[in-house]
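[1] I'll drop the sequence and a predicted model, then ask my questions.
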Amino acid sequence: MQGISEYLTPFKIVEELDKYIIGQGEAKKSVAIALRNRWRRMNSADDIKGEIIPNNILMIGPTGVGKTEIARRLAHLADAPFIKVEASKFTEVGYVGRDVESMVRDLVEQSVNLVKAEKKKEIEVKARENANAIILDVLIPPVRKKSPDSTSQPALEDAEKKEGGNEEELNERTRERFREKLRNGELDDRKIELEVNAPTSQVHIMGPGGMEGFDGLQDMLSGMIPKKTKRRSLTVAEAREYLIEEESAKLIDMDAVTREALERASNSGMIFIDEIDKIASGAGKGSGPDVSREGVQRDLLPIVEGSTVNTKHGAIKTDHILFIAAGAFHVAKPSDLIPELQGRFPIRVELSSLTKDDFVKILSQPKNALTKQYAAMLAAEGVTLTFTDDAIEAIADIAFNVNQELENIGARRLHTIMSNILNDILFDVPDRIDEKDFVINGEFVRTKIQRISGKKDLSHYIL
């Protein structure tokens, strides 16, 4: 199966997740097994393959501890179609808003884009050659062959002999020189006139009561509007990018893309349903009677159980899509979900709150650690930014304490604190600071934060 390699074992999946996510070993182990089981199913005997259903996962834990990031990185590892939705955005059938089937349609759309991008890479060289050929025809139009009975033929032949070749040969030599210059990018800044498609107005169709839908009809009506063209002055580089897109669209077999996209979404697609605790009955206190939380759960049930959903690209079965649900479950409990839906998420994983040591690791170990991100941004200005060990300790200590005293928002607290520490430097570089090396130490961190934390009311909003 495309995407999931036989070498991507559960152990190796966890190793890859460890590069970006600190802690949460049980959650990583569960998703790694779930991903490997997909490869195992696709390589099982044909008579049992269709019967093996994925073990959907319910992640329980406070915000900012890595629930979404685990699912997103997992999808990236498997090169699988992935979407994240908030359960609280859905409304029961009959109410205005998003219906639950829209998440499957979004997954298919994501899958189509994924496959299309892969196909585009495969034909990129051919599309670029075709684009360069069109630009060459604009720069140096080819010579049309003259008719044999032309009265001016003898005179032209005499002139061509004096120049050392006929007109067609001269034209071809010139074109060859320009073709080489095009390949080398020597003509990228030259302006040319090109016929381009003018943007057309989109046809928007809403379903009954304002609900979403009718995607196929909308596309069909949009396709019936004739395309208009207009002449535009573009640089060769701009024209090439435009023409590569146009030529790619001609070279890619969209029927084959659609077939592969539907198959991939059906067998390796992942849907991450966040805030599922918000539609549990225990979360509905004082929220009004207009939207039924249990109704949304009952609408979700057939999708998670396995049903056929019609999309503008064709019908897709949801039986083998992997669903990962997540929620903080502060007010509601997993047992507040309807029993049928609980049964469809048999794997339960509880993610723990982050400790001070976790914050230290988050700031220093992952490939995308915040300290590395800020260092990379300032490096673009020619400035070196370094964090000492005691600075990282101080930031982790502040983040942990503020999470304890105020709302626990997990690792997201680090973004707020880092921003407050570095905002002056980020604003002053490069206009007001000539210094090229900044070392952030523990004293610097505490001094910056002290000014805010001393003002109790203000710190509640800023930190």
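    Received it, and whenever you're ready, just let me know what you need. Residues are numbered from 1 along each chain as shown.
[2] which stretches of the stretch 251-400 of the chain form helices?
    Secondary structure of the stretch 251-400 of the chain (DSSP state H, counting those that start in this stretch): helices located at 254-268, 293-305, 339-343, 356-364, 370-379, 389-405.
[3] who touches the fifth one?
    Counting contacts by Cβ atoms under 8 Å, 6 or more residues apart in numbering, the residues outside helix 370-379 that touch it are 362-364, 384-387, 392, 414-415, 418, 422, 425-426, 429, 438. Every residue, glycine included, has its C-beta placed from N, CA and C.
[4] pull the most distant pair out of those residues.
    The distance between the two most remote of the contacts of helix 370-379 (Cβ to Cβ) is 25.0 Å, for Ile362 and Val429.
[5] and those two? Which one has more around it.
    Counted by other Cβ atoms under 10 Å, Ile362 and Val429 do not tie: Ile362 has more neighbours, with 25 against 21.
[6] separation between the more buried one and Thr355?
    10 Å (Cβ to Cβ, to the nearest Å).
[7] with respect to pLDDT, which of the contacts of helix 370-379 ranks lowest?
    Sorting the contacts of helix 370-379 by confidence puts Val429 at the bottom, with a pLDDT of 86.
[8] can you pull the contacts of Ile440?
    Leu385, Thr386, Phe387, Thr388, Ala391, Ile421, Leu422.
[9] buried only: go through those for me.
    Leu385, Phe387, Ala391, Ile421, Leu422 (16 or more other Cβ atoms under 10 Å).
[10] what's the distance between the third one and Val429?
    With the distance defined as Cβ to Cβ, Ala391 ends up 18 Å from Val429.
[11] need phi/psi at Asp431.
    Dihedral pair for Asp431: phi -70, psi -40, per degrees, to the nearest 10.
[12] and for it, the neighbour number?
    As a measure of burial, Asp431 has 7 neighbours, counting by other Cβ under 10 Å.
[13] what do you get for Ile52?
    Ile52 has 15 neighbouring residues, counting by other Cβ under 10 Å.
[14] got it, and Asn267?
    Residues within reach of Asn267, counting by other Cβ under 10 Å, total 22.
[15] so it is in contact with Met42, correct?
    Yes - A contact is recorded between Asn267 and Met42 when judged using Cβ atoms under 8 Å, the distance being 6.7 Å.
[16] secondary structure class for Ile83?
    With DSSP: H, G, I helix; E, B strand; the rest coil as the basis, Ile83 sits in strand.
[17] contact partners for it?
    By Cβ under 8 Å, 6+ apart, Ile83 lies in contact with Met103, Asp106, Leu107, Gln110, Met270, Ile271, Phe272.
[18] bridging residues for it?
    Under the criterion DSSP bridges, Ile83 forms beta bridges with Ile271.
[19] and it, what pLDDT?
    Ile83 is assigned 92 on the pLDDT scale.
[20] so Ala117 sits in a helix?
    Yes - with the criterion set as three-state DSSP, the secondary structure at Ala117 is a helix.
[21] poorly predicted segments of the protein, please.
    Low-confidence regions of the chain, defined here as pLDDT under 70, cover residues 1-5, 92-98, 144-165, 199-227, 282-291, 451-463.
[22] can you give me the strands in it?
    Listed from the start of the chain, the chain has strands (DSSP state E) covering 57-60, 82-86, 191-197, 229-235, 270-274, 308-311, 314-317, 322-327, 347-350, 384-387, 437-440.
[23] can you list the helices of the stretch 251-400 of the chain in a markdown table and add distance to Ala133?
    As requested, those are exported to a markdown table (distance: least, Cβ to Cβ, whole Å):
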| stretch | distance to Ala133 |
| --- | --- |
| helix 254-268 | 23 |
| helix 293-305 | 48 |
| helix 339-343 | 57 |
| helix 356-364 | 51 |
| helix 370-379 | 39 |
| helix 389-405 | 55 |
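[24] to Lys228, which of these lies closest?
    Distances from Lys228 to each of these were compared by Cβ to Cβ, and the smallest falls on helix 254-268, at 22.3 Å.
[25] tilt between the closest one and strand 270-274?
    Using axes from the mean of the first three to the mean of the last three Cα atoms, to 10 degrees, the direction of helix 254-268 lies 60 degrees away from that of strand 270-274.
[26] from the contact counts, what lies against helix 254-268?
    Packed against helix 254-268 by the contact rule (3 or more Cβ pairs under 8 Å, 6 or more residues apart in numbering; DSSP states H and E) you find helix 25-42, helix 102-122, strand 314-317.
[27] could you dump the ones you listed into CSV with distance to Glu246 and mean neighbour count added?
    Supplementary listing: those in CSV, determined by distance: least, Cβ to Cβ, whole Å; neighbours: other Cβ atoms under 10 Å:
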stretch, distance to Glu246, mean neighbour count
helix 25-42, 36, 19
helix 102-122, 12, 19
strand 314-317, 26, 16
